[in-house]
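Visitor: Show me how the following folds:
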Amino acid sequence: MDSHNAFGEAMKTKVLVVEDNSAMRSLIATALDQHLNLDVYEAENGFSALKLIPDNEFQLILTDINMPDINGLELITFLRQHPVYSQVPILIISTEAGDEDRRRGLAIGANGYLTKPFTEGQLVDLVQQHLP
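Guide: Numbers count the residues shown, from 1 in each chain. Below you'll find the model as predicted:
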């Protein structure tokens, strides 16, 4: 999971959490940091995520679906067309619990789908399955 930088120091896996609800975003980021010791970046919507992406090579992206500006499905569609991010695992975390929502998210390129509310254990298990 860890690679090393030019100084031989271990580098944490970089993860981006895209979620418009600040409390939910903080809960996800804290759980990932505490349980998996990841380098977690946060964005409040797809537009903010797209500003962070060019300067970072994230190894995993978690996104909500329903967000202002650029929603999660639009973000996934864009990332799957980007050469650097076409193969990066993307997980959807959403209140949209229907089978059709899950199918649509997976069909456009998401690698996993977690429905809110969820437990920390469910989140950690899903993320661990998709870490490089």
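
Visitor: can you list the weak-confidence ranges in the protein?
Guide: For the chain, applying pLDDT under 70 flags the ranges 1-10.

Visitor: which residues in it form helices?
Guide: Per DSSP state H, the chain carries helices over the ranges 22-36, 46-52, 72-80, 99-107, 120-130.

Visitor: Could you look over those helices and pick the most buried one?
Guide: The highest mean neighbour count among the helices of the chain, using mean count of other C-beta atoms under 10 Å, belongs to helix 72-80: a mean of 21. (Glycine included, C-beta is placed from N, CA and C.)

Visitor: Name the residues that touch that one?
Guide: Helix 72-80 is contacted from outside by 18, 46, 49-50, 53, 61, 63-66, 70, 85-86, 88, 90, 92, 94, 104-105, 108-110, using C-beta atoms under 8 Å, 6 or more residues apart in numbering.

Visitor: hmm, back to that, which one of the helices of the chain lies nearest to Lys14?
Guide: Across the helices of the chain, Lys14 has its closest neighbour in helix 46-52 (10.1 Å, C-beta to C-beta).

Visitor: could I have that closest one exported to PDB, CA atoms only?
Guide: Below are the C-alpha coordinates for helix 46-52, written out as PDB (Å, rounded to 0.1, in the frame of the first residue of the first chain):
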ATOM      1  CA  GLY A  46     -17.400  17.600  -8.100                       C
ATOM      2  CA  PHE A  47     -16.200  21.100  -9.100                       C
ATOM      3  CA  SER A  48     -13.900  21.300  -6.100                       C
ATOM      4  CA  ALA A  49     -12.700  17.800  -6.800                       C
ATOM      5  CA  LEU A  50     -11.800  18.700 -10.400                       C
ATOM      6  CA  LYS A  51      -9.600  21.600  -9.000                       C
ATOM      7  CA  LEU A  52      -7.700  19.100  -6.800                       C
END
